[in-house]
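Asker: Show me how the following folds:
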Amino acid sequence: MKDKLTKYRRQLHQIPELGFDLHKTYKYVKKTLESFGYSPITYAKTGLVAVKEGKTMDAVAFRADMDALPVTEALDIPFKSKHEGLMHACAHDGHTAMLLGFAEYVSKIDTPNQTIVFIFQPAEEGPGGAKVMIDEGILKNHQVKKIFGLHIFPGLYEGQIGLISGPMLARNAEFNISVYGESSHGAQPQQGIDAVLAASQLVVGLNHIVSRYLNPLEPAVISVGTVNGGEASNIIANKVKISGTMRAFDDKTFEIMKSKMIDTARAIEIQFGVKVKEIITDYYPTVNNDNELFEIAKNACDKESIVYIKPYTFSEDFAFYQKEIPGLFTFIGSRNESLDYVYPLHSNKFNFDEKILLDGLGFYIKVSRALNLF
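Answerer: Numbers count the residues shown, from 1 in each chain. Okay, the predicted model is just below:
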């Protein structure tokens, strides 16, 4: 299968697309599934579902994400992205290739003991294709009772399988805050209301929330990513925009963070006489792995390949499936220092050896056998 998986990955790598606009990717995956004998069903504009009917209709699903990132590729490789400014920098080309390989493998089984559903999902990088597919009925329509997903990860070495029970990846939100003051000449600041000064104190205040209002044993992050404002060096600024991200695993902790962020904004208004408008947009819930599925995967995998990982503050919309049904998300290691496959996810130099695609395929097969799917 290595040659086939490599072909799928490299052909997909050349046609990266964003969000729900995966038209070339959709056609490629659909045509490939049809060549295995499936009749793919469309969800979420460019998402696809293939079904292998089993002896019972209750189904187990396996999911791959297909979208890319707005990154200009820095790799000098024969299968480099043909779409300028776009790149598969988060391994979704590999995820899709592995699931295509697994779909082909299952297509050769006469009748599995349970129905098996293959989910090829758009918009994992945003705004959340998993939720759209769920809202369109993918789980109910196909009676999905369990779901598995995986992610290639350069934080683990090739051949390693990263497993964890319970919280694995964080809940996240993004915030956009506008601070409104009044402009005046920089030589007469008393005649204006300085939005830059107020915004600076607001940034400091946001960075106090985690250290002073949260349980230090509960992981949480608030990061300000951008601060933009002002018109000229000799003008008191009348507007500053701030944006950033927030992450936590515990819902109560997350709500405290949001509440304290709003409290901080109100305090800045009183202290500096500015107006503050905050918009906090929730994105993905916590990826929370089902313990029973964790135990099944742990017993199915070779013991020497397993690494029991700690939670990471990345986020993943696989979490939406887990809000509905038991699910397990897993890391497949890709780090190889001798080949310089060391760059992080979302890097313009991210790459991996396609032999690890066999590790993902093998994981799917081992878990399926442990579940007595075939």
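
Asker: what's across from Ile280 in the sheet?
Answerer: For Ile280, the beta-bridge partners are Phe175 (DSSP bridges).

Asker: what sits against it?
Answerer: Counting by C-beta atoms under 8 Å, 6 or more residues apart in numbering, Ile280 touches 173-175, 246, 258, 261. Placement of C-beta: from N, CA and C, glycine included.

Asker: 7 Å instead?
Answerer: 173, 175, 258, 261 (C-beta atoms under 7 Å, 6 or more residues apart in numbering).

Asker: Show me the residues you listed that map onto helices.
Answerer: Under the assignment DSSP state H, the contacts of Ile280 contribute 258, 261 to helices.

Asker: out of the contacts of Ile280, who's nearest Gly205?
Answerer: Distance to Gly205, by C-beta to C-beta, is smallest for Met261 among the contacts of Ile280, at 8.8 Å.

Asker: That closest one: how many residues sit nearby?
Answerer: By the measure other C-beta atoms under 10 Å, the count of residues near Met261 is 21.

Asker: Report whether the expected contact of Glu53 with Ile116 is present.
Answerer: No. Between Glu53 and Ile116 there is no contact under C-beta atoms under 7 Å: 8.5 Å.

Asker: circling back: from the contacts of Ile280, which would you call buried?
Answerer: 173, 175, 258, 261 (16 or more other C-beta atoms under 10 Å).

Asker: Going by distance to Phe79, which of the residues you listed wins?
Answerer: Of all the buried ones among the contacts of Ile280, Phe79 sits closest to Ala173, with 35.9 Å by C-beta to C-beta.

Asker: That closest one: what's it in contact with?
Answerer: Neighbours of Ala173 in contact, by C-beta under 7 Å, 6+ apart: 246, 280-283.

Asker: nearest residue to it other than its sequence neighbours?
Answerer: Leaving out its chain neighbours, the residue that sits closest to Ala173 by C-beta to C-beta, 6 or more residues apart in numbering is Asp282, at 4.8 Å.

Asker: thinking again about what came up before, out of the contacts of Ile280, which is nearest to Val144?
Answerer: The shortest gap between Val144 and any of the contacts of Ile280 belongs to Ala173, at 27.3 Å (C-beta to C-beta).

Asker: any idea how far Asn215 is from the closest one?
Answerer: Distance, Ala173 to Asn215, using C-beta to C-beta, to the nearest Å: 19 Å.

Asker: hang on, the earlier thing: pick out whichever of the contacts of Ala173 sits closest to Lys239.
Answerer: Closest approach to Lys239 among the contacts of Ala173 (C-beta to C-beta): Ile280, at 19.3 Å.

Asker: From Asp353, how far off is that closest one?
Answerer: Look at Ile280 and Asp353: by C-beta to C-beta, they are 41 Å apart.

Asker: which ones are touching the residue nearest to the spatial centre of the chain?
Answerer: Nearest to the mean C-alpha position of the chain, counting by C-alpha atoms, centre = their mean, stands Glu316 at 3.1 Å. Contacts for Glu316 (C-beta under 7 Å, 6+ apart) come out as 169, 284, 287, 329.

Asker: so who does the third one touch?
Answerer: So the one you mean is Val287. By C-beta under 7 Å, 6+ apart, the contact list for Val287 reads 168-169, 316, 318-319, 322, 329.

Asker: can you rerun that using 10 Å?
Answerer: Each residue near Val287 by C-beta atoms under 10 Å, 6 or more residues apart in numbering is listed here: 149, 151, 164, 166-171, 249, 311-312, 314-322, 327-329.

Asker: One more: Ala74?
Answerer: Shown in contact with Ala74 (C-beta under 10 Å, 6+ apart): 80, 87, 89, 343, 347-351.

Asker: May I ask which of the residues you listed has the most neighbours?
Answerer: With neighbours taken as other C-beta under 10 Å, the top of the contacts of Ala74 is Ala89, carrying 27 neighbours.

Asker: ok but that one is inside a strand, no?
Answerer: No. Counting by DSSP: H, G, I helix; E, B strand; the rest coil, Ala89 is not found in a strand; it is coil.

Asker: Would you mind measuring from it to Pro216?
Answerer: From Ala89 over to Pro216 the distance is 34 Å, taken as C-beta to C-beta.

Asker: With Leu18 instead?
Answerer: From Leu18 across to Pro216, the span is 38 Å (C-beta to C-beta).

Asker: Same check on Ser338?
Answerer: Per C-beta to C-beta, Ser338 is found 39 Å from Pro216.
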